[in-house]
Structure formats: structure tokens, C-alpha cells
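Trainee: model this:
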Amino acid sequence: MINSTRVQPKPIPPVQGLFLVAAVLLLAQGDWLVLVVEAGEPEPAVRPFTIQVDQAVLEDLDRRLALTRYPNRIEDSNWAYGTDLGYLRELVKHWRTGYDWRAQEKALNRWSHFKTKIDGMDLHFIHQRSRHKNALPLMLVHGWPGSFVEFQKVIGPLTDPTAHGGKAEDAFHVIIPSLPGFGFSDAPRTRGWNNDRMAEMFGKLMTRLGYRRYGTQGGDWGASISAWLGRNHPGQCVGVHLNFVTAGPPRGGDRQFEGLKPQEIARIRERRAFMADETGYSRIQGTKPQTLGYGLNDSPAGLAAWIVEKFRTWSDCDGDVEKRFTKDELLTNVMVYWVTGSITSSTRIYYETRHSRGRGKPGRVEVPVGCAIFPKELVYAPRRWAETRFNVTHWTEMPRGGHFAAMEEPKLLVEDVRSFFSTVR
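Mentor: Residues are numbered from 1 along each chain as shown. Here you go, the predicted structure:
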């Protein structure tokens, strides 16, 4: 509905005028887009945005890469101590001589990008509307060290399913925000920007876009933020789809595995053993992100080493990172951090959530929750545990894939998202 309260006559800026016309047309088609106009106030500004990095930034990047001072290493250590020196040299060489940011920039700009100011900060987001009637608004939420770049392979299939093996009734309007402090969104300047607060910001974004009924999907921090949205806004969020499911045992000590199958217990133990040597990044980002940031924000090679090592370790790639990602895909994600200078502010989500009272976990989520369980995900929670935190109505054990589901296994993820949300539309 459009608030019928008379608004003081004043010229409508071009962008606002376009949104007003679009809202009237879409309402006539029975869509869910709602334009809220406060009495005496203009419509909140949602501005088109184009990624256009200054050439001076790219030239500075090339100079820094050329001057990279590489560390020594233990012989034949490969990736055991962290990012392999030989691979990083190879990646940096490609970055300087084979990688084309302008081509990647053009590819990213094929989507509809916007910015809007919420809670005093400019929030960047993609808003790709489907051509299909009755498409369900769906927010896709990334985590760290990812970005909106993670979802490039799923936007088309989700918004235009008939062109990608689906049905018109599978269609979604896709909204992909960059988390505050990440990429082209503003960085918080005050304390307290944890996952709960980000979820509230994203709820405001959906309201501003006029959506009164929507779903959400996420992995990593995006899973936590999606869970908060579902818990705090059950009247608007019709369902939550997660590809990163965290839940502890209902009982501790010797009874923690009570009721579980032997293969579930074995999988829990295997993932725990895997993670024993994989939490150093989280501890430093959760305690001293600023100190870390000086080095990563100054050295592009250092930044790439810090991020790419996670893509290799956390994906289902059998130790070969390029089995799942091309060099260009890896570097485009790194570039989002580099050209925006956002690596330090992105890591602060670990600090803010670690120092939150609730430690970043919402209470039980009662809206329907769908879970896609990829075998090489960082952690494993069996359904019995997950059901203590979530109203699990959909559960899929995936045959392959790891932490970066939308990039690694886009078809599997899209199929599961379609399947789950078909039950809540």
C-alpha cells in the first residue's frame, strides 16, 4: 500500500520518481513491493551505484605488487605453515600481467547496484529484480573473507529460473548487501557493529525497498545474520536458508553424542580435529584486528595471502585451490577488499561479536529453516543438534562442496534454495 497522507508539494528527485512509478506499476501486478511515504517527508533515497575504481588506485597497486618483499620459508613446507610461497608468487605475477580489473569491473556492473544511507552509513547492495510475476524477495548474505562477489553465479538462476532449468514459480528478486565495513559499504566508526546489529540494518533495507515479505540465505557470518533476521522479524521473514549450520549438543560431557548415529559422531570428531589448527585467524581478528590491519591494508600480496589461504583450506578442493576457483575469481574478491581499503573494518565483526553479551548467537529461530550441509564445511552439526536452535523443516546432505557454496557448487545451492522456499512461498 501507499500511504495516502498528503505530502507537501515538492519536486521529486529523478531516482525517487523512478521508484515511485515502479512501485505503482508493480502494485498493479500484485507484487510485494511497497512504497512507504512518511507524511511531510520525501521517500528515503536509494541511489544507483556504479563500480568505477580510479586509475591511480590501480597504478598504485601495480607499484606495490612490483615491490613485494617475500618472506623465506621452510623447505618443502608447501601450505603447511600458511600460504605457499610459490603459489603466491605465481598469483602475484598473474595479478600484474594477466588479470584485467576493468573487465571484472564491467562484469560486476552488469548487475543493478545501489547505495542507501541507513543508521548514518551508506550501504551498498545489489538489487536484481526478476521479470517473473510473484517472485519472492530473497536476501543473500555473505561472510568473511567473502563479499558480494561470491554470489555472481547464482543471481541469474535465481532471478530468471526459466532460463536456467527452473520454473517461473521458482523466481526470486535478489538483494545482496555488502556488510557494513566490507567492500563498497561504509565502515562503522563506532563500537558495537556485531552480527545482530547488521541484521537489523538489513531488515531496514528490506523495508526501505518496500518488501513486507521476504526470505534470507547465508553462509559464514551471513548465516548468523540471516538467523537473526528470522528470529527478530518473523512477520516479514518467511524462511531462512543456511549453508553454514552451527549448533552445540543439548547435553555436555559424556552425553554430548547421545542419540547420534556412529557416522555423525565420526564426522563431528573429524571436523573438530580439522578446526584445531584453523582458528588462529579468528582469534587475532576477534582480539586485535587493528594491529593485523596495518599490514594487510598496506601490502596487496599480504592481503591476497591472508584471504586466498582460506579459500584453499575451507573449500572442497583437495588441496588445489584452482580446482574450485580461477585466479581471476580469487583476485576479484581480493580486489573488492583492496580498492576499498576495507580489510581492517571487515575483520572487526569478529571483535564486535566476540565482545557481545550474546556472543553472536540468536535464540531459537521459529520461522522455517532450511539447511544445506556441505561435506567440507568448517563445522558439522547433526540435525538433532540443529533442531535445538532452529525450526528445521528442510535438510539436505550435499554430495560435495565446502564453505563457499555459491562459488563452489552454485547449481546445488540454487536447487536447494528453490526446493526449500517452495514450501514457504
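Trainee: okay, now residue 50: neighbour count?
Mentor: Residues near residue 50, counting by other C-beta atoms under 10 Å, number 8. For glycine as for every other residue, the C-beta is placed from the backbone atoms N, C-alpha and C.
Trainee: do you know how far the closest residue to it other than its chain neighbours is from residue 157?
Mentor: Distance criterion C-beta to C-beta, 6 or more residues apart in numbering; nearest residue to residue 50, sequence neighbours excluded, is residue 109 at 5.8 Å. Per C-beta to C-beta, to the nearest Å, residue 109 is found 20 Å from residue 157.
Trainee: Assumed residue 401 was part of a strand.
Mentor: No: assigned with DSSP: H, G, I helix; E, B strand; the rest coil, residue 401 falls outside any strand and is coil.
Trainee: Just confirm it contacts residue 373, I think it does.
Mentor: No: applying C-beta atoms under 8 Å, one finds residue 401 not in contact with residue 373, separated by 9.4 Å.
Trainee: which of those two has more neighbours?
Mentor: Under the criterion of other C-beta under 10 Å, the comparison of residue 401 against residue 373 puts residue 401 first, with 24 against 21.
Trainee: The more buried one: what's it in contact with?
Mentor: Contact analysis of residue 401 by C-beta atoms under 8 Å, 6 or more residues apart in numbering lists 316, 374-376, 408-409, 412.
Trainee: same deal with residue 175?
Mentor: 125-128, 137-140, 205-206, 209, 214.
Trainee: let's see it at 6 Å
Mentor: Taking C-beta atoms under 6 Å, 6 or more residues apart in numbering, we find residue 175 in contact with 127, 139.
Trainee: ok now the strand or helix carrying it, how far from the chain's centre?
Mentor: In this assignment (DSSP states H and E), residue 175 forms part of strand 172-177. Remark: strand 172-177 is offset 11 Å from the chain centroid, using C-alpha atoms, centre = their mean, to the nearest Å.
Trainee: so what strands line up beside it?
Mentor: When pairing is defined by DSSP bridges, strand 172-177 lines up against strand 121-128 (antiparallel), strand 136-141 (parallel).
Trainee: Of residue 109 and residue 157, which one has the most company?
Mentor: Remark: of residue 109 and residue 157, residue 157 carries more neighbours, 22 against 13, as counted by other C-beta under 10 Å.
Trainee: Give me the helices and strands touching the one helix or strand the more buried one maps to, please.
Mentor: Secondary structure assignment for residue 157, by DSSP H and E: helix 152-159. Where contact means 3 or more C-beta pairs under 6 Å, 6 or more residues apart in numbering; DSSP states H and E, helix 152-159 is packed against strand 172-177, helix 410-421.
Trainee: Which among these is found nearest to residue 262?
Mentor: helix 410-421 (25.9 Å; C-beta to C-beta).
Trainee: can you pull the pLDDT of residue 393?
Mentor: Predicted confidence (pLDDT) for residue 393: 98.
Trainee: Name the SS class of it, please.
Mentor: Following three-state DSSP, the label given to residue 393 is strand.
Trainee: so who does it touch?
Mentor: The contact partners of residue 393, taken as C-beta under 6 Å, 6+ apart, are residue 368.
Trainee: which SS class is residue 241?
Mentor: Using three-state DSSP, the structure places residue 241 in strand.
Trainee: tilt between whichever strand or helix holds residue 372 and helix 410-421?
Mentor: Using DSSP H and E, residue 372 maps to strand 365-373. Angle, strand 365-373 to helix 410-421, by axes from the mean of the first three to the mean of the last three C-alpha atoms, to 10 degrees: 150 degrees.
Trainee: quick one, domains of this protein?
Mentor: For the chain, automatic domain parsing gives the domain ranges 1-43, 48-425.
Trainee: if you compare those domains, which one is most tucked away?
Mentor: The highest mean neighbour count among the domains of the chain, using mean count of other C-beta atoms under 10 Å, belongs to domain 48-425: a mean of 18.
Trainee: what about that domain, start to end distance?
Mentor: Length of domain 48-425, first residue to last, C-alpha to C-alpha, to the nearest Å: 29 Å.
Trainee: Check stretch 249-260 too.
Mentor: 10 Å.
Trainee: same check, this time on stretch 68-86
Mentor: The straight-line separation of the ends of stretch 68-86 (C-alpha to C-alpha) is 14 Å.
Trainee: what's in contact with it?
Mentor: 301, 305, 309.
Trainee: Repeat the analysis, applying 10 Å as the threshold.
Mentor: Applying C-beta atoms under 10 Å, 6 or more residues apart in numbering, the external contacts of stretch 68-86 come out as 87-92, 96, 277, 280, 299-302, 304-310, 312-313, 319, 321.
Trainee: For the residue nearest the centre of the chain, give me the pLDDT.
Mentor: Closest to where the C-alpha atoms of the chain average out (C-alpha atoms, centre = their mean) is residue 142, at 0.6 Å. On pLDDT, residue 142 comes in at 98.
Trainee: cool, the one 3 residues further on as well?
Mentor: Reading off the confidence values, residue 145 has pLDDT 98.
Trainee: Now do the contacts for it.
Mentor: The contact partners of residue 145, taken as C-beta under 10 Å, 6+ apart, are 182, 220, 281, 285, 303, 306-311, 314, 333-334, 337, 343, 346-347, 404.
Trainee: if we go to 6 Å?
Mentor: For residue 145, the contacting residues are 307, 310, by C-beta under 6 Å, 6+ apart.
Trainee: Next: the one 4 residues further on.
Mentor: Applying C-beta under 6 Å, 6+ apart, one finds that residue 149 lies in contact with 332-333, 336.
Trainee: Tell me the spacing between the closest residue to it other than its chain neighbours and residue 376.
Mentor: In this structure, residue 149 finds its nearest non-sequential neighbour in residue 333, 4.7 Å apart by C-beta to C-beta, 6+ apart. The gap separating residue 333 from residue 376 is 19 Å, by C-beta to C-beta.
Trainee: Done for today, thanks.
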